[in-house]
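Trainee: Sharing a model that was predicted from the sequence below.
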Amino acid sequence: MPEFSPGLEGVVAAETEISEVDGQNGRLIYRGGYLIQDLAATCTFEEVAYLLWNGRLPDRPGLDDLKRKLAGKRRLTEAGQATLEAAPRDSDPMDVLRTVLSAQAQKPALTKPSLDEAIEYSAVLPTITAGCFRLQKGEKPLEPRAELGHAANLLYMMFGEEPSSERARWIDQYLLLLADHGLNASTFTTRVVASTGSDLGSALVGGIAALKGPAHGGAATGAMKMLEKIGSPDNAEPWLTATLDKHERFMGFGHRVYRTYDPRAKILRELAKEANPRLYPTAEKTEEVALRLLKERHPERPNATNVDYWSSVVMAGAGIPKEYFTCIFAISRVVGWSAHVLELLKDLRIIRPASVWKGPEPKAKPLPLDQRNHG
């Protein structure tokens, strides 16, 4: 009988070259053997997308070609546009993103996932997100601008003006840092869908559905709500203490894999000083108190800061409403999702884990409906 592992913890379900989460040493390694902090110091999101898809960093012609392809695929199809405009204005933005991508991915027949499709879907997610944002504000969606980079175009389509280079860089860094992260729940979901031989659009819709959960992609929104409730550095200690006394969790702390401080959070923490100087003092004090209290009350388990905590501060500093944090996460992670699907095609085998039967042994045949009486 196979051994049951709740949440598949410790179960090896894939071999991959896309990324490695070294939880013991607090390292995130992207394809090709690059540490995340080295990529963040040197590269843009588009360069990292090229790396995850192709296994190497681009040269100038390769990067220019990818930028042209992304810019050329940003417009919605007729079905995608109609679905976006039909969405109720009070919908959860992730529901809109999931549904419009599904409409955008409609094709006459089943197609094998390809790099061109990966670029196509990565290009269009910012258009969907920005269109939803503007429609919910009662404003008309804006057409994408081909001359703007991925992050700058997203901000332009959301807010109607070309962002400063600093503001675009904050979002670009976030997108780069979140592009892939091992076999997390949403990535595993995309691999499960793709393992059946399904199309890339369906696999990515599955990824968005998994990312929506508050225990996964929704955690940054929870972290921002927590910081808003705390409100000031002076209130951090009493608020956090009262929260622990009620046996409630802090959002943005602890991770299934990392035993140390999330390396992405370190980078975003420094970026937050520049991106959100108004909120930074409260966030800094909250982190200091939270880490101390968690160590005092739960010394048996690591509860270091994770990426969701400081990403919420950076995104808020760039003007992104907290209701859209998870959509921005999806705009980043779609690159990793699609890279995993393309990798899976090299040795396609349907993912079919075993289960442990907890029911009774077979018994008598079922009674006809009219003879069953449950009182």
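Mentor: Sure thing, it's come through. Residues are numbered from 1 along each chain as shown.
Trainee: what about stretch 71-78, how long is it end to end?
Mentor: 18 Å (Cα to Cα, to the nearest Å).
Trainee: what does stretch 274-281 give?
Mentor: Using Cα to Cα, one end of stretch 274-281 lies 12 Å from the other.
Trainee: Report the buried residues of that stretch.
Mentor: 275, 276, 279, 280 (16 or more other Cβ atoms under 10 Å). C-betas here are computed from N, CA, C, even on glycine.
Trainee: can you check stretch 259-278 too?
Mentor: Buried, per 16+ other Cβ under 10 Å, within stretch 259-278: 261-269, 271-272, 275-276.
Trainee: got a list of what residue 3 touches?
Mentor: Applying Cβ atoms under 8 Å, 6 or more residues apart in numbering to residue 3 gives no contacts.
Trainee: cool, residue 211 as well?
Mentor: Applying Cβ under 8 Å, 6+ apart, we find residue 211 in contact with 94, 185, 186, 217, 326, 329, 330, 333.
Trainee: Reformat the residues you listed as a markdown table; add secondary structure, neighbour count and distance to residue 353.
Mentor: A markdown table is the format used below for the contacts of residue 211 (DSSP: H, G, I helix; E, B strand; the rest coil; neighbours: other Cβ atoms under 10 Å; distance: Cβ to Cβ, whole Å):
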| residue | secondary structure | neighbour count | distance to residue 353 |
| --- | --- | --- | --- |
| 94 | helix | 24 | 27 |
| 185 | helix | 16 | 14 |
| 186 | helix | 26 | 17 |
| 217 | coil | 26 | 23 |
| 326 | helix | 26 | 27 |
| 329 | helix | 28 | 26 |
| 330 | helix | 27 | 25 |
| 333 | helix | 28 | 23 |
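Trainee: got JSON lines for those residues, with distance to residue 350 and pLDDT too?
Mentor: Putting those into JSON lines (distance: Cβ to Cβ, whole Å; pLDDT from 0 to 100) gives the following:
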{"residue": "94", "distance to residue 350": "27", "pLDDT": "98"}
{"residue": "185", "distance to residue 350": "19", "pLDDT": "93"}
{"residue": "186", "distance to residue 350": "19", "pLDDT": "96"}
{"residue": "217", "distance to residue 350": "26", "pLDDT": "89"}
{"residue": "326", "distance to residue 350": "29", "pLDDT": "97"}
{"residue": "329", "distance to residue 350": "28", "pLDDT": "98"}
{"residue": "330", "distance to residue 350": "25", "pLDDT": "98"}
{"residue": "333", "distance to residue 350": "23", "pLDDT": "98"}
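Trainee: Show me the two of those that sit farthest apart.
Mentor: The distance between the two most remote of the contacts of residue 211 (Cβ to Cβ) is 14.3 Å, for 94 and 185.
Trainee: From residue 99, how far off is the closest residue to residue 104 other than its chain neighbours?
Mentor: Ranked by Cβ to Cβ, 6 or more residues apart in numbering and with sequence neighbours excluded, the top spatial neighbour of residue 104 is residue 80, at 3.8 Å. As defined by Cβ to Cβ, to the nearest Å, residue 80 lies at a distance of 10 Å from residue 99.
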